[in-house]
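Colleague: Below are the sequence and a predicted model; questions follow.
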Amino acid sequence: MIHNFFAVRFILILALCSVIIACKGKEPPPEVIVETVTSEPVIEQEEKEEPVVITSVEESGGVQVSYQVQRPLSDLRSALSGAAKSGRLPAFGVNVREIDPVNYENPDLDTLRQMGAEQYLISFLAGEQFYRSGDYNKAISEYSISINSNDKFIEALISRGNTFLKRGEYGRAIDDYTRSIKLDGSRAELYNYRGYARDGRGETKLAIEDYSRAIALNGNYTDALINRSHALYETGEYDRAIEDCNRIIRLEPGNAYIWNRRGSAWYRKGDDDRAIKDFSEAIKIRSDYAVAWHNRGNAWYNKGEYDKALADLNRTISINPSFANAYTSRGNVLKLLGRQESAAADFTEARRLEGH
């Protein structure tokens, strides 16, 4: 009987270790970034002087923040009394399905206390539960208790940083990521997270430095490459942005957003043919990608192929009738084609959608 009790306790400890490891698979939800490219500045004018503005919108799939670097298992296992030596669950004639990590997502914290788990681990797991339920205030409170109980426990620092990031508290997120980096500077994802927080605070050059550190540690770290390509695009470093997009496309050839981003960079460099080719690839991958249809329409406009531009902009609006820029772009094409009334109607609709 005693043998079976300790066998079950041993299995629970192993499962708990796996739960802690699995918890880090969450990632702060990603943010939708829209990058607008114009051939000339958008200037507020009266309707009779509507400017001809060709806008190429560069939209990412959301700046990527994810856990791609596996953390060492030994540190977490040793934190739980040193009992666990292997990730495999031994078979003692006990049904282990109910405590298998796949099913053991919400450990009973009272049971863990009775098992003698330390407070910093209990609070960390409580924080993870609150994070998953969307109660970020309580999650931060529990992570803070964990950190105060063990200021070397890096997982709680990372999770609290991610929660601050989720709430848009970039400065506090940066502080937690910086503390985490001081504890373990070999983890590429930490530089990626801090870079994203710095990007959110408008510190684009510092963000690029962090993304570059992440990529230096892991050359195939797609998320960091995606984030850096966006930051480089934002700062007007189109050649470097294209180089990053080339690397991303080799890793993820089916990423429509990156084809669109590279097309936008070519567009800004004045290479409409390459831009059209990339926008077309984005559309091929995702036929309902309104932004790519819109961007290709603008590139056709630049080449003077107004019928093709009009067809693409019509398709854009059919996919997304609330896309204000598409009405402006189509109005510009219609105006050049001599269809003044239709152009005026599009300019009016664009202003309505923009809230003017």
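Modeller: Right, received. Where do you want to start?
Colleague: can you map out the strands along the chain?
Modeller: Using DSSP state E, the strands assigned to the chain run over residues 34-38, 55-59.
Colleague: ok, of these, where does mean pLDDT dip lowest?
Modeller: Ranked by mean pLDDT, those end with strand 34-38 at the bottom, a mean of 35.
Colleague: Please look at residue 136 and residue 142 and confirm they touch.
Modeller: No: counting by C-beta atoms under 8 Å, residue 136 sits too far from residue 142 to count as a contact (10.7 Å). For glycine as for every other residue, the C-beta is placed from the backbone atoms N, C-alpha and C.
Colleague: any common contacting residues for those two?
Modeller: With contacts defined as C-beta atoms under 8 Å, 6 or more residues apart in numbering, the residues shared by residue 136 and residue 142 are residue 130.
Colleague: Of those two, which one has the most company?
Modeller: Applying other C-beta atoms under 10 Å to residue 136 and residue 142 shows that residue 142 carries more neighbours, namely 25 against 17.
Colleague: Skipping adjacent residues, who's closest to the more buried one in space?
Modeller: residue 127 (3.5 Å; C-beta to C-beta, 6 or more residues apart in numbering).
Colleague: I figured the one you found was touching residue 143, is that so?
Modeller: Yes: using C-beta under 8 Å, residue 127 is in contact with residue 143, at 4.2 Å.
Colleague: Give me the neighbour count for residue 111.
Modeller: Residue 111, neighbours per other C-beta under 10 Å, totals 12.
Colleague: ok, and for stretch 342-350, which residues are buried?
Modeller: Applying a neighbour-count criterion of 16 or more other C-beta atoms under 10 Å, one finds 343, 344, 346, 347, 349, 350 buried in stretch 342-350.
Colleague: scratch that, stretch 319-335
Modeller: In stretch 319-335, counting by 16+ other C-beta under 10 Å, buried: 319-320, 323-335.
Colleague: In contact with the residue nearest to residue 142, which residues?
Modeller: Residue 127 neighbours (C-beta under 8 Å, 6+ apart): 138, 139, 140, 141, 142, 143, 146, 156, 159, 160, 163.
Colleague: Check what pLDDT the residue lying closest to residue 263 once chain neighbours are set aside gets.
Modeller: Distances taken as C-beta to C-beta, 6+ apart put residue 278 closest to residue 263, at 3.2 Å, once the chain neighbours are dropped. Here, the pLDDT recorded for residue 278 equals 97.
Colleague: hang on, the earlier thing: farthest-apart pair in the contacts of residue 127, please.
Modeller: The span of these, defined through C-beta to C-beta, is set by 138 and 156 at 14.1 Å.
Colleague: neighbour count winner among those two?
Modeller: residue 156 (27 against 15).
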